[in-house]
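S.K.: Coordinates for the following, if possible.
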Amino acid sequence: MNLAKNLKTFWYIFFAPMLGKNHQERLEYFYSRQADNYDATRPFLLAGRTELFQSIPLAGGEKWVDCGGGTAGNFEAIKERVPLCSEIHIIDLSQSMLEQARIKKEKYGWKNVFLHKGSVDESWPDWGPVDRVTFSYSLSMTENWFDALTEAKRNLKPGGLIGVVDFYAAKLHEDRPGFRQAWWRRTLFPLCTEKDSVSIKPDYHVFLNKHFEVEKFEIGRFRYPLSPMYIEYFTFLGRKR
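M.R.: Model (predicted):
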């Protein structure tokens, strides 16, 4: 049964087209067919998520917004810290993914976790100033990434933390050792991911480094299963000035 689920998941990730009239419909089509197996496969496909969430400090009483948080799998990885927050808001466009988050919410008795179907690039509900905002491989799947980051910045308290982990693309004339990429790496992998509405741009980390006080900006590498090519991702942690 697990083998069948995994084969189905990999079929929709690597081969099947994304169908739908708009961005929300395409995402729902894509995730509804693998939501029940999402948490089992993503550790092999999306590196750095748990490490980012574990690195975010909590003193207690924080409001945390997870943008494109899907199944709440990131919080399951740090479930012992969830009660420290006063409120955790998970926003996602896919109802199928949020249904998996609801199952976890009931399983662990998370009274402080709230689920919202919606787009993170639109105005957020009035939760008041928030202390933590995260994007875990969701920024590259957001239709209007600039609006999403602008809204995150607007809602963060001064001194509040933003954490992002996503696929990395180097700037065209990147001159820092360790941050450069060969031209084929900057172009080939992003072309492959466009099929799944994943847009990989250097603009994301350029915006973050410009608009926030940087606490961490690192590049990591991992390999997809059975793939000879490694994938690069970036981890960013910064504070609102």
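S.K.: For the residue nearest the centre of the chain, name its beta-bridge partners.
M.R.: For the chain, residue 136 is the residue whose C-alpha lies nearest the centre (C-alpha atoms, centre = their mean; 1.9 Å). Beta-bridge partners recorded for residue 136 (DSSP bridges): residue 165.
S.K.: so what's it up against?
M.R.: The contact partners of residue 136, by C-beta atoms under 8 Å, 6 or more residues apart in numbering, come to 46, 49, 52, 53, 66, 68, 69, 74, 164, 165, 166. For every residue, glycine as well, the C-beta is placed using N, CA and C.
S.K.: could you redo the last one with a cut-off of 6 Å?
M.R.: Applying C-beta atoms under 6 Å, 6 or more residues apart in numbering to residue 136 gives the contacts 49, 74, 165.
S.K.: Which of those residues ranks first by neighbour count?
M.R.: residue 165 (27 neighbours; other C-beta atoms under 10 Å).
S.K.: And the pLDDT for residue 181?
M.R.: Residue 181 is assigned a pLDDT of 91 by the prediction.
S.K.: isn't it right next to residue 170, touching?
M.R.: Yes. Counting by C-beta atoms under 6 Å, residue 181 does reach residue 170; the two are 3.9 Å apart.
S.K.: ok, the residue nearest to residue 201 when sequence neighbours are not counted - how many residues close by?
M.R.: In space, residue 201 comes closest to residue 169 once its chain neighbours are excluded; the distance is 5.7 Å by C-beta to C-beta, 6 or more residues apart in numbering. Using other C-beta under 10 Å, residue 169 has 23 other residues around it.
S.K.: i'd like the first residue to be 22 from this point on
M.R.: Taking 22 as the first residue, the last one we looked at is residue 190.
S.K.: thought residue 190 was touching residue 225?
M.R.: No. At 8.2 Å, residue 190 does not count as touching residue 225 under the criterion of C-beta under 6 Å.
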